[in-house]
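Novice: 3D model of this:
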Amino acid sequence: MMYTDDQMLMLSGIQHYMFCPRQWALIHIEQQWDDNRLTAEGKQLHQNVDNPSYRQKNGNTITLRSVHIASHSLGLYGVTDAVELLPSDDSTDAITHPRYPGFWKPFPIEYKRGHHKSDESDEVQLAAQVICLEEMYNIHIPEAALYYHETRHRETVMIDEQLRNLTYELSEAMHKVFESGSTPKAVKNRGCRSCSLIDICEPGLRSKPSVATYLKRSLDEETA
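Specialist: Numbering: from 1, shown residues only. Predicted coordinates for the structure are as follows:
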């Protein structure tokens, strides 16, 4: 299936959806958001990383920040944290850059605040970025990387068929929930305690967190 421009959803939401479909719907359908310490730290990290004018050439490697990407097969759009361009001897699965002669193979890198998670929520976000770049440039990208700020460690991720299929399944599920306009019911899990939306999600709690237009704020940050 190919989605239209009007059907496109934010790529960053695929991680939220895998973590908790209800959390994703509260943010992307009901447009509710509230920061806690973890989200604030993550936001600060990305403010330091996402500089669209930043281009670094380290030896033969070029690093680009905040590359705008989209995939109509996933129906997702967003901005990468970083894409390294690695030199290539030929044009196979490579791109050109107006400022740097020759051929370059893209290698996306997603920055995360904490450490490696027990599920694949970080990996599917990275895979979605890879699929976007592949679709935009008609290339194949076999691997990418996650960088965890807490451990100061980069992990290479193989973008294999299983991970790609999971990414497509999640994006399709996101679109179905979004089209229904209905927020899934709460299902308690170990991640609830660290969720910034717990006071909104959990019934019976008296505290009333702020409600912000998260989608507008995120879109402004991504298009700035």
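Novice: Every contact and neighbour count from this point should use C-alpha atoms.
Specialist: Fine.
Novice: which stretches of the protein have low pLDDT?
Specialist: Applying pLDDT under 70 to the chain picks out residues 33-58, 189-191, 193-194, 198-200, 202-224.
Novice: list the helices and strands the helix or strand hosting residue 131 packs on?
Specialist: Using DSSP states H and E, the element containing residue 131 is helix 121-137. Other helices and strands packing on helix 121-137, by 3 or more Cα pairs under 8 Å, 6 or more residues apart in numbering; DSSP states H and E, are helix 13-19, strand 68-71, strand 100-112, strand 143-148, helix 161-180.
Novice: could you redo the last one with a cut-off of 6 Å?
Specialist: Taking 3 or more Cα pairs under 6 Å, 6 or more residues apart in numbering; DSSP states H and E as contact, the helices and strands that helix 121-137 lies on are helix 13-19, strand 68-71.
Novice: Please identify which of these is closest to residue 61.
Specialist: The closest of these to residue 61 is strand 68-71. By Cα to Cα, the value is 19.7 Å.
Novice: Tabulate the CA atom coordinates of that closest one in PDB.
Specialist: The C-alpha trace of strand 68-71 is given here as PDB (Å, rounded to 0.1, in the frame of the first residue of the first chain):
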ATOM      1  CA  HIS A  68      14.300  15.400   6.200                       C
ATOM      2  CA  ILE A  69      13.000  11.900   5.100                       C
ATOM      3  CA  ALA A  70       9.700  10.300   4.100                       C
ATOM      4  CA  SER A  71       8.300   7.000   2.900                       C
END
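Novice: which neighbours does it have in its sheet, and in what orientation?
Specialist: When pairing is defined by DSSP bridges, strand 68-71 lines up against strand 76-79 (antiparallel).
Novice: which residues are in contact with the partner strand?
Specialist: Contacts of strand 76-79 with the rest of the structure, by Cα atoms under 6 Å, 6 or more residues apart in numbering, involve 8-11, 66-70.
Novice: In contact with residue 114, which residues?
Specialist: 148-150.
Novice: can you list the contacts of strand 76-79 in a markdown table and add neighbour count and distance to residue 121?
Specialist: As requested, the contacts of strand 76-79 are exported to a markdown table (neighbours: other Cα atoms under 10 Å; distance: Cα to Cα, whole Å):
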| residue | neighbour count | distance to residue 121 |
| --- | --- | --- |
| 8 | 18 | 20 |
| 9 | 21 | 17 |
| 10 | 16 | 15 |
| 11 | 25 | 12 |
| 66 | 20 | 20 |
| 67 | 17 | 21 |
| 68 | 16 | 21 |
| 69 | 20 | 19 |
| 70 | 25 | 19 |
